[in-house]
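1. sequence unknown, structure follows:
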């Protein structure tokens, strides 16, 4: 049996909420890891060093759960730096830019896509992300969507089939025909590699009736629903997501009061993606409004080449605190436990006995420093399933 005791932790974020503290904060704490799982959590003074094969001195630093990034698009070719430059010069963001990434992705080999995917995962791990969801959506043909979910499934169980990302150029003015392809041969090819079904329910992408067809077809094949909605303007996508019991509806930049009420009364998580607003210069969502209304909020990077080419959860936390009305504790919770809820996982996102030993040791005394020191690499060590990887 492999055992590791991490002790002398100045501030431990367990996410096991007590007494109004959703982060379940402990001070002068220790964590015992056995065979990749959390075996014990408590005061450092109470830790039994005699049963630990290895003792790690936290040096009074903070420990948090590994970040759970519940929204990413990591399998793609090329980039869109020129589009970003044009947008910074005043050009408006639109969903149609996705098609340029589709062309580059189709032209890339499996090995090229696989190598790039591994590079992004290494970036994420170095910044504390230990669990990641990966979507397809840059193939938009049966063969290319199948290979994207297949490659994603090599590195994570959280794979999302997003054939309904946009309508590809070859189906211009024939969106319903493309939806027929998505819910038929494409779904048949991709479902064996995926856990989730997603759709971009937005002006310029898919209508509510088209989105419903896609989601219901995926549900019928055993895939659980997620939805992109209300990124570019208000719409009915949030309420469709709630109606169908989606685990998460993502973006939520433009929400009506009815949307907020529907989310608050549901089990659907709203996943906010601050990197998108940073990169597109759209208004930041008001997370304070959502949390105060009782909505469960997650944070994710939405790593993609068009609207959010960042893999840094600490960066997204800093934005959420600075520009979206979240406290540091709320933002860290949203990036860990919130992401776990968005993936309907109870084994990650918290530091509790029986859970996976996914831990991040910060080179800082408190989690506040993730927002207080933006852009500074504060991740000192990362354990994934109890194995030190950083």
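-> Noted; the coordinates are in hand. The model shown is predicted, which means the values in this text are computed figures rather than measured ones.
2. for the stretch 1-150 of the chain, give me the ranges with low pLDDT.
-> 94-96 (pLDDT under 70).
3. what residues sit buried inside the helix or strand that contains residue 115?
-> Element membership for residue 115 (DSSP states H and E) is helix 110-126. For helix 110-126, burial by neighbour count (16 or more other CB atoms under 10 Å) applies to 113, 114, 116, 117, 120, 121, 124, 125. Placement of C-beta: from N, CA and C, glycine included.
4. try stretch 276-286
-> 276, 277, 278, 279, 280, 282, 284, 285, 286.
5. about what we covered before: which is the succeeding secondary structure element to the helix holding residue 115?
-> Heading C-terminal from helix 110-126 (DSSP H and E), you reach strand 129-132.
6. helices or strands next to that next one in the packing?
-> Applying 3 or more CB pairs under 8 Å, 6 or more residues apart in numbering; DSSP states H and E, one finds that strand 129-132 contacts strand 67-69.
7. list the contacts of the strand it packs on.
-> Among residues not part of strand 67-69, those counted as contacts by CB atoms under 8 Å, 6 or more residues apart in numbering are 124, 127-133, 298, 300-301, 303, 313, 335-340, 342-343, 345, 348-349, 360.
8. switch the cut-off to 6 Å
-> Residues outside strand 67-69 that contact it (CB atoms under 6 Å, 6 or more residues apart in numbering) are 128-129, 131-132, 300-301, 313, 335-336, 339-340, 348-349.
9. paired strands for that strand, with orientation please.
-> strand 129-132 (parallel) (DSSP bridges).
10. other SSEs contacting whatever helix or strand comes next after the strand it pairs with?
-> Per DSSP H and E, the first helix or strand lying C-terminal to strand 129-132 is strand 134-135. Where contact means 3 or more CB pairs under 6 Å, 6 or more residues apart in numbering; DSSP states H and E, strand 134-135 is packed against strand 159-164.
11. mind checking the pLDDT average for the helix or strand that the strand it packs on is followed by?
-> Counting by DSSP H and E, the element after strand 159-164 in chain order, helix or strand, is helix 175-181. Averaging pLDDT along helix 175-181 yields 98.
12. how far does helix 175-181 sit from the chain's center?
-> Centroid separation for helix 175-181 versus its chain: 28 Å, with CA atoms, centre = their mean, to the nearest Å.
13. please apply the same query to stretch 312-326.
-> A distance of 14 Å separates the centroid of the chain from that of stretch 312-326, by CA atoms, centre = their mean.
14. let's have the buried residues of stretch 276-286 in TSV, adding pLDDT and distance to residue 51.
-> Shown next, in TSV, are the buried residues of stretch 276-286 (pLDDT from 0 to 100; distance: CB to CB, whole Å):
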residue	pLDDT	distance to residue 51
276	97	46
277	97	48
278	96	46
279	95	48
280	93	52
282	93	52
284	98	47
285	97	46
286	97	48
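15. nearest to residue 323, of the residues you listed?
-> Among the buried residues of stretch 276-286, residue 284 lies closest to residue 323 (CB to CB), at 4.6 Å.
16. and residue 7, how far is that from residue 178?
-> 56 Å (CB to CB, to the nearest Å).
17. quick one on the thing from earlier: now the contacts of strand 67-69 in TSV, with neighbour count?
-> Listed next are the contacts of strand 67-69 as TSV, based on neighbours: other CB atoms under 10 Å:
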residue	neighbour count
128	29
129	30
131	25
132	26
300	30
301	30
313	28
335	29
336	32
339	32
340	22
348	20
349	29
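18. wait, which of these is closest to residue 100?
-> residue 301 (20.8 Å).
19. mind checking the SS state of that closest one?
-> coil (DSSP: H, G, I helix; E, B strand; the rest coil).
20. so who does it touch?
-> 69, 275, 310, 311, 316.
21. let's go with 7 Å and repeat that
-> 69, 72, 275, 308, 310, 311, 312, 313, 316 (CB atoms under 7 Å, 6 or more residues apart in numbering).
22. cool, and residue 171?
-> So residue 171 contacts 177, 178 (CB under 7 Å, 6+ apart).
23. quick one: pLDDT of it?
-> 96.
24. could you dump the contacts of residue 301 into JSON lines with secondary structure and distance to residue 254 added?
-> What follows is those, written out as JSON lines (DSSP: H, G, I helix; E, B strand; the rest coil; distance: CB to CB, whole Å):
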{"residue": "69", "secondary structure": "strand", "distance to residue 254": "23"}
{"residue": "72", "secondary structure": "strand", "distance to residue 254": "22"}
{"residue": "275", "secondary structure": "helix", "distance to residue 254": "17"}
{"residue": "308", "secondary structure": "strand", "distance to residue 254": "17"}
{"residue": "310", "secondary structure": "coil", "distance to residue 254": "22"}
{"residue": "311", "secondary structure": "coil", "distance to residue 254": "26"}
{"residue": "312", "secondary structure": "coil", "distance to residue 254": "25"}
{"residue": "313", "secondary structure": "helix", "distance to residue 254": "24"}
{"residue": "316", "secondary structure": "helix", "distance to residue 254": "19"}
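25. just give me the closest of the contacts of strand 67-69 to residue 205.
-> Closest to residue 205, out of all of these and judged by CB to CB, is residue 300, at 18.9 Å.
26. how about the closest one, nearest residue that isn't a chain neighbour?
-> residue 71 (3.8 Å; CB to CB, 6 or more residues apart in numbering).
27. doesn't residue 131 make contact with the one you found?
-> No - checked against CB atoms under 7 Å, the pair residue 71 and residue 131 is beyond contact range at 11.9 Å.
28. which of the contacts of residue 301 ranks first by neighbour count?
-> residue 69 (32 neighbours; other CB atoms under 10 Å).
29. in the sheet, who's paired with that residue?
-> Using DSSP bridges, the bridge partners assigned to residue 69 are residue 132.
30. count of residues packed around residue 105?
-> Residue 105: 23 neighbours (other CB under 10 Å).
31. assumed it was part of a helix.
-> Yes - under three-state DSSP, residue 105 sits within a helix.
32. quick one: contacts for it?
-> 76, 77, 138, 139, 144.
33. closest one of those residues to residue 109?
-> Closest to residue 109, out of all of those and judged by CB to CB, is residue 77, at 9.1 Å.
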